[in-house]
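Trainee: below are the sequence and a predicted model; questions follow.
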Number of protein chains: 2
Amino acid sequence: MRRKTMRDVSVATGLSTYTVSRALSGADGVSAESRAHVLKVAREIGYIPNRAAQELRRANRDSIAVITASTSNSYYLDLMEGIHHELRSTGRAVIVGDIAIDGAYSAELEDQLVRRLIESRTAGVIATLTLTPENLKLLDQWDVPVVFVDSDPPEDARHYPSVTTDNYAASLTVGHHIASHGYGNWLLLMYPGKWSTRFERERGIREAAAKHSADLTVVECENNDLAAQKALTLHLEGAARLPDVLIAGNNPLLLGALRYCRAKEIGIPDNMAVVSFDDFAWAPLMDPPLTVLDEDSKSIGSRAAATLTAIIEQQIESEKRNQSTKPDYKPEYRQQMPARLVVRRSCGCASAT
Amino acid sequence: MRRKTMRDVSVATGLSTYTVSRALSGADGVSAESRAHVLKVAREIGYIPNRAAQELRRANRDSIAVITASTSNSYYLDLMEGIHHELRSTGRAVIVGDIAIDGAYSAELEDQLVRRLIESRTAGVIATLTLTPENLKLLDQWDVPVVFVDSDPPEDARHYPSVTTDNYAASLTVGHHIASHGYGNWLLLMYPGKWSTRFERERGIREAAAKHSADLTVVECENNDLAAQKALTLHLEGAARLPDVLIAGNNPLLLGALRYCRAKEIGIPDNMAVVSFDDFAWAPLMDPPLTVLDEDSKSIGSRAAATLTAIIEQQIESEKRNQSTKPDYKPEYRQQMPARLVVRRSCGCASAT
DNA sequence: TTGATAATGCTAAACGTTTAGGGTGTCAAG
DNA sequence: CTTGACACCCTAAACGTTTAGCATTATCAA
């Protein structure tokens, strides 16, 4: 069966493609009778429009993309839920682009993806990591608005919208709590600076350590569980003694850390306490239940989506008025959300939540 | 800055769009000199092709879609990893379509998605659940090949390719292991039949129960943790005593079940043993470590992707030869993979893996 | 010198929509 | 009988690529 085109519907109804198009799209200038006829016939002969042709003709950008490199991070699912929830009503499609290969960020994939997004004239981008300045510039050249979530734009582009946790304050909270247990020897396990949350988190911890005059060591590794386990093995191999507390920078690193402890039979929190960023569903069911800093990823996602659609809508408006189609980034689009420490038992506390 | 088109490159180089097109796409019929010139100029003026126009003209279908409704299920990530891994080299893009709203399957979203996939002339579909017969027929009408993973096609369309675990054999294994602990009272917590693995899994458990003359109760609920917890509460509320063992049909249901146990202070495995389908990263770190049936989701994903691309390639071939463009579903495309029981402690065994 | 062959590049026609600009018919008011 | 307003619909020209069908030039053997 040959693919049906609008022309087929046109012939079958005896109406022009103009009328068919308007009838199907719900635009007016078509009698109710004609419209009904068109819809009926279209259904009967199994016509489905060709999106490529539509997009070409109306130069329309109707889907938005999420760029991520850590789908295994627990916060990702909540984030996506927030984004979908917010976008469901707008009719925009969400496409997710994962630019990690085997859990490690790939610059090459980032370039490819950004190019592809421009090729398909994506309406806007939500980035979960700090894009390269080149790619950001490219997107800017093509007037594609970008909103950063849970990460910042690059150094020289601070005016971009972003929805982040107040990671500095959050880390301070974590640090103070740790200190309250009397731990003097801290180990912070951290992912690369590609995810800019890293810097604020480290700053908070560092400051708290200084304030409570604790020793702090920072170990960096790739953003996945295997790398974390390996880095920890390497670092603690020759060490005279374990740190009092291990702070895992995020969810995948926590997994690696816990695996390490299990392998070396390190008791938590007796031999070494553990706290981590990012709460997740299984955390309360672990052995022991994990003390964790919880950020509200779902809200972050929906806020980011809302911000992005606002920008896009405005872009469409000003295009209609023949004004600039550059996205208008208002200062108030830069938002910070609070986080909350969920105390369970891995930090050394005896109480449940 | 106006958007650049191929015409701009053509003017800037003094070559026709024909030559520009061929140069950029790497086709021959262009001198090395011209090609270099075109590439240089294209880069300079910041030209990026318009994908809608390309797709319209070459009627090409170059991306494949994954239809899923349970992204929170742990096997999903592994599955996607396998799919990406296999597809990376082919240059095909993967788009994932989530047809769940707040964790529950939505028929409406399925219809929307399938329509949209046809609109954008998607090359092929990997379905992680049993599609409705209507949608399958629609995809078939448009010659879009479909491969089912970890689920079967609908009743009347058994000739479709599928890559599944041998769930019947796997469930028998689970059942026998449970029985070896002497449990006589089993509770099976199950998701809806929309995911067809349900039937084989239930059949295996049922048969094992019969063979070992154990009492089996099956409780069904929506495919998410909250629903599982609620269903369990409801079912066990008035019960005289707990079952000896709880079998969770999959990962989200397991989460709900464990939450329930935690809330009611039911000790595992002493008060009630727990086993589950689908292994996941945190399972060995839980309290207690979970006995689980592990299917090799990554391999399933890559096999499915390989099968789908094979079908698509062949479709392209026979289209060139002006033969039918109907996908050719060979019987050997129906594949079953073995699964493996990972014994930890929640089943009542004392030993670690 | 000639004809054959290969290499390179051009023109113009698609691909399947949307939509500007116009045409027709009806009806009420002047 | 005009005129204008309105509702409905049509024709034809876009949108930005790819590609069939030629045209030109260079190269080379006879």
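Mentor: Received the coordinates, thanks.
Trainee: and the strands in the stretch 201-350 of chain A?
Mentor: Counting by DSSP state E, counting those that start in this stretch, the stretch 201-350 of chain A has strands at residues A:215-220, A:245-248, A:273-277, A:291-295, A:334-337, A:339-342.
Trainee: quick check: residues of the stretch 201-350 of chain A near chain B?
Mentor: Contact residues (Cβ under 8 Å from any Cβ of the partner chain) of the stretch 201-350 of chain A with chain B: A:225, A:255, A:258-259, A:262, A:281-282, A:284-289. Every C-beta, even on glycine, is put in place using the N, C-alpha and C of the backbone.
Trainee: ok, now the stretch 1-150 of chain A?
Mentor: A:1, A:3, A:46, A:48-53, A:55-56, A:71-72, A:77, A:80-81, A:84-85, A:88, A:93, A:95-96, A:98, A:101-102, A:115-116, A:118-121, A:138, A:141-142.
Trainee: just checking, which of the residues you listed belong to helices?
Mentor: Taking DSSP state H, the ones among the residues of the stretch 1-150 of chain A next to chain B that sit in helices are A:51-53, A:55-56, A:77, A:80-81, A:84-85, A:115-116, A:118-119, A:138, A:141.
Trainee: so which of those also contact DNA strand D?
Mentor: For DNA strand D, the contacts drawn from these by Cβ under 7 Å from any atom of the strand are A:53, A:56.
Trainee: mind picking the lowest-pLDDT entry from the ones in helices among the residues of the stretch 1-150 of chain A next to chain B?
Mentor: Minimum pLDDT across those is recorded for A:L77, with 88.
Trainee: run a quick neighbour tally on the residue lying closest to it once chain neighbours are set aside.
Mentor: Closest residue to A:L77 apart from its sequence neighbours, by Cβ to Cβ, 6 or more residues apart in numbering or on different chains: B:S72 at 5.7 Å. Look at B:S72: counted by other Cβ atoms under 10 Å in any protein chain shown, it has 19 neighbours.
Trainee: which ones are touching A:V218?
Mentor: Neighbour list for A:V218: A:188, A:190, A:202 [criterion: Cβ atoms under 8 Å, 6 or more residues apart in numbering or on different chains].
Trainee: for it, list each beta-bridge partner.
Mentor: Per DSSP bridges, the residues bridged to A:V218 are A:L188.
Trainee: who are the contact partners of A:H84?
Mentor: A:H84 touches A:94, B:98, counting by Cβ under 8 Å, 6+ apart.
Trainee: could you redo the last one with a cut-off of 7 Å?
Mentor: Going by Cβ atoms under 7 Å, 6 or more residues apart in numbering or on different chains, A:H84 touches A:V94.
Trainee: before we move on, what about A:A36?
Mentor: Counting by Cβ under 7 Å, 6+ apart, A:A36 makes contact with nothing.
Trainee: give the contact list for A:P49.
Mentor: Applying Cβ under 7 Å, 6+ apart to A:P49 gives the contacts A:6, B:119.
Trainee: likewise for A:S72?
Mentor: A:S72 touches A:103, A:252, B:77, counting by Cβ under 7 Å, 6+ apart.
Trainee: count of neighbours near the residue in the stretch 151-300 of chain A positioned nearest to DNA strand C?
Mentor: At 28.5 Å from DNA strand C, A:P161 is the closest residue in the stretch 151-300 of chain A, using Cβ to the nearest atom of the strand. By the measure other Cβ under 10 Å, the count of residues near A:P161 is 25.
Trainee: ok, now A:T17?
Mentor: Count around A:T17 with other Cβ under 10 Å applied: 14.
Trainee: quick check: it touching A:M6?
Mentor: Yes: using Cβ atoms under 7 Å, A:T17 is in contact with A:M6, at 5.1 Å.
Trainee: could I get the buried residue list for stretch A:242-258?
Mentor: Of the residues in stretch A:242-258, A:243-258 count as buried by neighbour count, 16 or more other Cβ atoms under 10 Å in any protein chain shown.
Trainee: equivalent analysis for stretch A:18-29, please.
Mentor: Neighbour counts using 16+ other Cβ under 10 Å place A:19-24 of stretch A:18-29 among the buried residues.
Trainee: export the residues you listed to a markdown table and tack on pLDDT, secondary structure and distance to B:E317?
Mentor: Output for the buried residues of stretch A:18-29, formatted as a markdown table (pLDDT from 0 to 100; DSSP: H, G, I helix; E, B strand; the rest coil; distance: Cβ to Cβ, whole Å):
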| residue | pLDDT | secondary structure | distance to B:E317 |
| --- | --- | --- | --- |
| A:T19 | 96 | helix | 40 |
| A:V20 | 96 | helix | 35 |
| A:S21 | 96 | helix | 35 |
| A:R22 | 95 | helix | 40 |
| A:A23 | 95 | helix | 39 |
| A:L24 | 95 | helix | 34 |
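Trainee: which of the residues you listed are close to DNA strand C?
Mentor: By Cβ under 7 Å from any atom of the strand, the members of the buried residues of stretch A:18-29 lying near DNA strand C are A:21-22, A:24.
Trainee: using a markdown table, lay out those together with distance to B:S63.
Mentor: Output for those, formatted as a markdown table (distance: Cβ to Cβ, whole Å):
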| residue | distance to B:S63 |
| --- | --- |
| A:S21 | 26 |
| A:R22 | 30 |
| A:L24 | 24 |
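Trainee: out of these, the closest to chain B would be?
Mentor: Nearest to chain B among these: A:L24, at 11.9 Å, using Cβ to the nearest Cβ.
Trainee: separation between that closest one and A:P192?
Mentor: From A:L24 over to A:P192 the distance is 49 Å, taken as Cβ to Cβ, to the nearest Å.
Trainee: coming back round to it: what's the most buried one of the strands of the stretch 201-350 of chain A?
Mentor: Highest mean neighbour count among the strands of the stretch 201-350 of chain A (mean count of other Cβ atoms under 10 Å in any protein chain shown): strand A:245-248, with a mean of 28.
Trainee: list the contacts for the residue in the stretch 251-353 of chain A that DNA strand D sits nearest to?
Mentor: Among the residues of the stretch 251-353 of chain A, A:T325 lies nearest to DNA strand D; the distance is 13.2 Å by Cβ to the nearest atom of the strand. Applying Cβ under 7 Å, 6+ apart to A:T325 gives the contacts A:143, A:315, A:318-319.
Trainee: so which residues of the stretch 201-350 of chain A form helices?
Mentor: Using DSSP state H, counting those that start in this stretch, the helices of the stretch 201-350 of chain A run over A:225-237, A:251-263, A:297-320.
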